[in-house]
Structures are given as structure tokens and as C-alpha cells.
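> Kindly generate the corresponding structure for this input.
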Amino acid sequence: MAYIFKNSQGTIVAASASENLGEGWVFVEDNSKYYLEFLENSLAEGAPFRESDIQLARVLEDLISMLIERNIIRFTDFPEAAQKRLNDRQSMRKKNQLPRLLDENQDIRFN
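Just a heads-up that it's a prediction; the model follows:
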């Protein structure tokens, strides 16, 4: 079940996968052609940002690892939830043999 919201021209401008969010929201079937097209277009528009976010997350993971290795911060300084996420990501990267983006021998300089 899904709900869509259309503008005055009849173009879908918002969608909810499960919840009627109020006046103007219309129920459509999950397999509605127009609903699926809206979702596909929305995903395509956000693709560059998602890719950038993924790459930035890898840089931050490497930066955190480097700071820990150099004893600038301690792993235990992070909240337990963050420690778990960092461990999970590190395990996934090792399992999939993803290289670090930052070379351990490189210095990072902030100007």
C-alpha cells in the first residue's frame, strides 16, 4: 500500500510507502506505474549525493582509524553504538578486501 501527493498540475511530488499523511494524499497500489516512476526518478536525482556520502563515509572511517592508530583519540572515547558501527564497518571492509583511501604514511594537513 502506498500514498501519493500531487501538485496542482497533477504531478506526483511526494510519496509515502505506508502512511496517509493527511488531506490531499491518495492511496495507490504499490505497483502503480506512476508511483514506481516517481520513486525511480527520485532515486536517480539523489544518486550523486548518495555516492558522495558513501565516499565521505569511507574517508571518515579511515580518518578515525588513523587517529586511533596514532593515539590521538582512543576507540573507547566513542559511545558504544559508534564503536559497534565502526567495528561492523571495519569487518565488512576486511571481508570484502576494500583498501583504505588514506595511506597510513601520508600526513593530513589542514590549512
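
> what's the longest helix in this structure?
Ranked by residue count and defined by DSSP state H, the top helix of the chain is helix 33-69.

> Show the low-confidence segments of the chain, by residue range.
For the chain, the stretches with pLDDT under 70 are 98-111.

> Please identify the buried residues of whatever helix or strand V13 lives in?
Assigned by DSSP states H and E, V13 belongs to strand 12-16. Within strand 12-16, the residues that qualify as buried are I12, A15, counting by 16 or more other CB atoms under 10 Å. Where you see a C-beta, it was placed from the backbone N, CA and C, and this is true even at glycine.

> That strand vs helix 33-69, what angle?
Relative orientation of strand 12-16 versus helix 33-69 (axes from the mean of the first three to the mean of the last three CA atoms, to 10 degrees): 60 degrees.

> quick one: strand 12-16 to chain centroid distance?
20 Å (CA atoms, centre = their mean, to the nearest Å).

> outside of whichever helix or strand comes after it, which residues touch it?
Note on strand 12-16: by DSSP H and E, the next helix or strand toward the C-terminus is strand 25-28. If you take CB atoms under 8 Å, 6 or more residues apart in numbering as the criterion, strand 25-28 is touched by M1, A2, Y3, I4, F5, K6, S16, N20, Y34, Y35.

> If you rank those by neighbours, which is first?
Each of the contacts of strand 25-28 was scored for neighbours by other CB atoms under 10 Å, and A2 scores highest at 21 neighbours.

> who touches that residue in this structure?
A15, S16, A17, S18, F27, V28, E29, D30, S32, Y35.

> what packs against the strand holding V13?
Judged by 3 or more CB pairs under 8 Å, 6 or more residues apart in numbering; DSSP states H and E, the packing partners of strand 12-16 are strand 2-6, helix 33-69.
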